[in-house]
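Peer 1: could you work out the structure for the sequence below:
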Amino acid sequence: MSGATQRLIGGALLVGILAAGYFLGRPYWYPYYLMAAGKYTSDDIIEHYDQTAGERLRDRFHRAGVEYPPQRILLFAVKDQKRLELWAQSRQGWHWVHAYPIQAASGSLGPKLMEGDAQVPEGVYGIEYLNPNSAFHLSMKLNYPNAFDWEKARRDGRTNPGSDIFIHGKSVSSGCLAMGDPSIEELYILVHAIGKEQVRVIIAPTDPREGHLIPPARTPPWVSELYQRIEQALAEILDN
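Peer 2: Numbers count the residues shown, from 1 in each chain. Next up is the predicted model:
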């Protein structure tokens, strides 16, 4: 192989590596680029989408007979059905408002265990922050790994259970819940209106209302405890 051919192949490999880093790493570096550039704030997003996504959202609450904005909300995701249910708490209790289709959720049934496994976490979570400059249109960061996730990771000897899990727009996922742009616009407006502290997110492998959650094969023994926690957290809300 001639030197010119070797340089050509090496150049092509370098271009391929740089391109892969650009596209695969975009969800992580692009938000910081936009924030540094000062492109959008959450107030900008609300102003821009209130007459479209905001109107759809308020109509959903009206048809459900639930006051808007509600006191608190539950976002309940069922992985095998690719469905995210919106429940809201008013003065009369908890009410179902709407079911959004999940456009993409990578991985299989079972909890997330490590960085790069492409698993969507399972458990009970909160929202850490809203990102108006997401590479996936808009996003809401979950507090994964939470205390339970860290405890089980240390017990297993896992030092990197993963991070940067979001509910976001678009229709591609690598461990996140991709909702599509119209849905994330509604959810973003809602969480902004009531405050992230008033949001609970429950992610289950299957629907606990249809039967007890059963740990998939080859999952750690503690998954049965996790599934009991999910069932209990859901029952505390929906049974009231």
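Peer 1: show me where pLDDT drops low in the chain?
Peer 2: In the predicted model of the chain, residues 1-38 satisfy pLDDT under 70.
Peer 1: what sits opposite the residue most central in space within it in the beta ladder?
Peer 2: The centroid of the chain falls nearest to residue 167 when counting by C-alpha atoms, centre = their mean (2.6 Å). Partner residues in beta bridges with residue 167: residue 140, residue 177, with DSSP bridges as the criterion.
Peer 1: three-state assignment of the residue lying closest to residue 122 once chain neighbours are set aside?
Peer 2: Taking C-beta to C-beta, 6 or more residues apart in numbering, and ignoring the residues beside it in sequence, residue 122 has residue 111 as its nearest neighbour in space, at 4.5 Å. Where you see a C-beta, it was placed from the backbone N, CA and C, and this is true even at glycine. In the three-state summary, residue 111 is assigned as coil, counting by DSSP: H, G, I helix; E, B strand; the rest coil.
Peer 1: how close does the residue nearest to the centre of the chain sit to residue 77?
Peer 2: 8 Å (C-beta to C-beta, to the nearest Å).
Peer 1: hey, what's in contact with both of those two?
Peer 2: Residues within reach of residue 167 and of residue 77 at once, by C-beta atoms under 8 Å, 6 or more residues apart in numbering, are 84, 177, 201.
Peer 1: next, count neighbours for the second one.
Peer 2: The local packing of residue 177 (other C-beta atoms under 10 Å) involves 29 other residues.
Peer 1: ok, back up a step: touching, the residue nearest to residue 122 and residue 121? I think so.
Peer 2: Yes. At 6.1 Å, residue 111 and residue 121 qualify as touching, with contact defined as C-beta atoms under 8 Å.
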